[in-house]
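1. What follows is a predicted structure for the sequence shown.
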Amino acid sequence: MAVVGAGLGGLAAAARLAAVGHAVTVLEQSDGVGGKLGRYERHGHVFDTGPSLVTMPQVYRDLFAAMIADWRVAWNQGSFPFLFVQLANWLPHYADPVESHWAELREAQWLTLRTVPMTGMAVTIDIGDTEDIHPRNKQDVGRRLALEARRVAYGESLVSSGPLYRGMRIEGNRIRIAFDSVGGRLVAKTDPLAEFAVAGRDGAFVRAEARIDGPTVVVSSAAVPNPIAVRYAWQDNPQVSLYNREGLPASPFRTDDWSELNRPR
């Protein structure tokens, strides 16, 4: 597998893969898709996203998928594995639910994972730095990329990600959330679970109570007797609390698709 232009996180991932017996080549991407890299046979790519399109998450979603497709065409090697790093937490933390471009861009990355074949995503929502846009903990970035590489590129059967939102079911005054990649079990790193919010038909989110129930999380709030939507870790710098037993954090998510333009009133 080639690790291309992925910085220190990519180097850490390469070291992890080499440690378990996989051959890895580290390349620089100074010449872009064409140029010197065109002569290499490619078995996979590690990509670390920047925040330049953070205010345009829908544009990012379309462009990111198009870029992956374009690179695969350029190398003419089929749908080679493409791994990327979800945006880490950064900027101030807010106690109350807020709108967040950073959260929407993370959602766009998660949607890419769901819709583009042979992709893997390293969730880094718990290893960012309030003061530094570049996470200093490169080892965990690399470890999580290496886990996804082992699953996507090498076909190993292992838990390579934290919990990923699968779906929801309304149960009276509460909502039950189901996940993929639960691993051994869901784990709360705080008591009670933090960073969950719920809204009714007015579209106003409030902090919610959340508890683990087997492979699901049940969310409710006395202030919202008829909930229809849940959000988790939906801000620039959430204080995340939901993991699997393997120690990997859940990716932020929302069950709604509201924006300021189509939010219920």
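-> Yep, that arrived.

2. top helix in the protein by residue count?
-> When the chain is parsed with DSSP state H, its longest helix is helix 57-75.

3. Which parts of that one count as buried, going by neighbours?
-> Going by neighbour count (16 or more other CB atoms under 10 Å), the buried part of helix 57-75 is P57, Y60, R61, F64, A65, I68, W71, R72, W75. Just so you know, the C-beta spots here come from the backbone N, C-alpha and C atoms, and that holds for glycine as well.

4. can you check stretch 194-212 too?
-> Neighbour-count burial for stretch 194-212, counted by 16+ other CB under 10 Å, picks out A194, E195, F196, A197, V198, A199, G200, F205, A208, A210.

5. Can you give me the separation between the last one and G200?
-> Remark: distance between A210 and G200 (CB to CB, to the nearest Å) = 17 Å.

6. just to revisit the earlier point, hmm, who's touching the longest helix of the chain?
-> With CB atoms under 8 Å, 6 or more residues apart in numbering as the test, helix 57-75 has contacts from 33-34, 38, 42, 45, 49, 53-54, 78-80, 82, 101, 104-105, 107-109, 111-112, 115-116, 119.

7. Which of those fall in strands?
-> Per DSSP state E, strands hold the following members of these: H45, F82, T119.

8. tell me the contacts of the nearest residue to F253 once chain neighbours are set aside?
-> Spatial nearest neighbour of F253, excluding adjacent residues (CB to CB, 6 or more residues apart in numbering): Y165 at 3.7 Å. Shown in contact with Y165 (CB under 8 Å, 6+ apart): W110, I177, F179, D180, Y232, A250, S251, F253, T255.

9. Just the pLDDT at the last one, thanks.
-> On the pLDDT scale, T255 is placed at 98.

10. Numbering from 45 from now on, please.
-> Understood, numbering begins at 45; the last thing we discussed is T299.

11. My guess is it contacts I219. True?
-> Yes: the criterion here is CB atoms under 8 Å, and T299 meets it with I219 at 7.4 Å.

12. what is in contact with the two at once?
-> Common neighbours of T299 and I219 are listed as M212, A273, V274 (criterion: CB under 8 Å, 6+ apart).

13. Need those residues in TSV (columns: distance to S265 and neighbour count).
-> Below are the shared contacts of T299 and I219 laid out as TSV (distance: CB to CB, whole Å; neighbours: other CB atoms under 10 Å):
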residue	distance to S265	neighbour count
M212	15	20
A273	12	22
V274	10	27
